[in-house]
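>>> Need coordinates for the following:
(3 chains)
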Amino acid sequence: MKSEQDVLAIVEELKKLYPEAICSLDYQKPHELLFATRLAAQCTDERVNKVTPGLYGRFPTLEALANADISEVEELIHSTGFFRAKARDIVAASRMLLDEYGGVVPDTMEDLLRLPGVGRKTANLILGDVYHKPGVVVADTHCIRLSGRLGLTDGTKDPAKVEAQLRKILPPEESNDFCHRLVLHGRAVCMARGPECANCTLRPWCDFYSGSC
DNA sequence: ATCCCGAGGG
DNA sequence: CCCTCTGGAT
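This next block holds a predicted model:
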């Protein structure tokens, strides 16, 4: 596995490469990030950002979303895929947020997971980016792939295991930003297909490079 | 054919 | 662990 020095070296190198560890989903309010993340399932952030202005323009508040016609939501989000399940979840979660949480997106994993269509990925994004909780690890497709290649994890693709393994080795105050940077690096350099190892400054610490690349 | 900052159900 | 849900880009 990886030494503590290697982990910190990777953390620092990613900081240099991507100074601002930002989420690339556009949003203004917490519930807008929540639903943008739901829409991002098997869909690029870029495409999500093309439909959310229309969705949140037509339904500007949680109340509007809670009372929205499902088929109208389906049309607005159609191009993101899985549109039936996503539309159903967005309206149902809006209702639960109003009925049980006073319209405030909750700040605990337990409560977030009760919301329809909210899994660990979405919940962690809210805990990290909205509430700035320490020790948040967002195990999405990029995080899972890059962590495995670098050798930060044992190669598992199970999000819960990746989450647990990263939480053990990352400084809690760095973990959330680190995951955002993995996403940025996963898009720019360490793509799923044809990773550009020649352009990658993480090579000194990367198992994938020393192995099969 | 494979991938995109997944979630839910079996 | 597996499968399904769905569209768009490469």
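>>> How many residues are close by the residue lying closest to A:Arg149 once chain neighbours are set aside?
Leaving aside its chain neighbours, A:Arg149 sits nearest to A:Phe208 (3.6 Å; criterion: CB to CB, 6 or more residues apart in numbering). For glycine as for every other residue, the C-beta is placed from the backbone atoms N, C-alpha and C. Residue neighbour count, defined by other CB atoms under 10 Å, stands at 19 for A:Phe208.
>>> contacting residues for A:Phe208?
Applying CB atoms under 8 Å, 6 or more residues apart in numbering, we find A:Phe208 in contact with A:148-151, A:195, A:197.
>>> Between those, identify the one with the most neighbours.
In terms of neighbour count, A:Arg149 stands highest of those at 23 neighbours, by other CB under 10 Å.
>>> what helix or strand does that residue sit in?
helix A:141-150 (DSSP states H and E).
>>> roughly how far out does that helix sit from the chain middle?
Centroid displacement of helix A:141-150 relative to its chain, using CA atoms, centre = their mean, to the nearest Å, is 13 Å.
>>> so, in contact with DNA strand B or not, that helix?
Yes. Remark: helix A:141-150 sits within contact range of DNA strand B at A:141-143, A:145, by CB under 7 Å from any atom of the strand.
>>> ok, so of these, who is nearest DNA strand C?
The closest of the residues of helix A:141-150 next to DNA strand B to DNA strand C turns out to be A:Thr141 (CB to the nearest atom of the strand; 11.7 Å).
>>> what's stretch A:81-90 in contact with?
Counting by CB under 8 Å, 6+ apart, A:35, A:38-39, A:41-43, A:65, A:70-71, A:73-74, A:77, A:80, A:116-118 sit against stretch A:81-90.
>>> Tell me which of those residues fall in helices.
When those are checked against helices (DSSP state H), the matches are A:35, A:38-39, A:65, A:70-71, A:73-74, A:77.
>>> Could you give me the ChimeraX syntax to select whichever of those are buried?
To isolate the buried ones among the ones in helices among the contacts of stretch A:81-90 in ChimeraX, judged by 16 or more other CB atoms under 10 Å, type:
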select /A:35,38,39,65,73,74,77
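>>> What is the nearest of the ones in helices among the contacts of stretch A:81-90 to DNA strand B?
Distances from DNA strand B to the ones in helices among the contacts of stretch A:81-90, taken by CB to the nearest atom of the strand, are shortest for A:Arg38, at 6.0 Å.
>>> The closest residue to the closest one other than its chain neighbours - how many residues pack around it?
Spatial nearest neighbour of A:Arg38, excluding adjacent residues (CB to CB, 6+ apart): A:Gly117 at 4.8 Å. Look at A:Gly117: counted by other CB under 10 Å, it has 21 neighbours.
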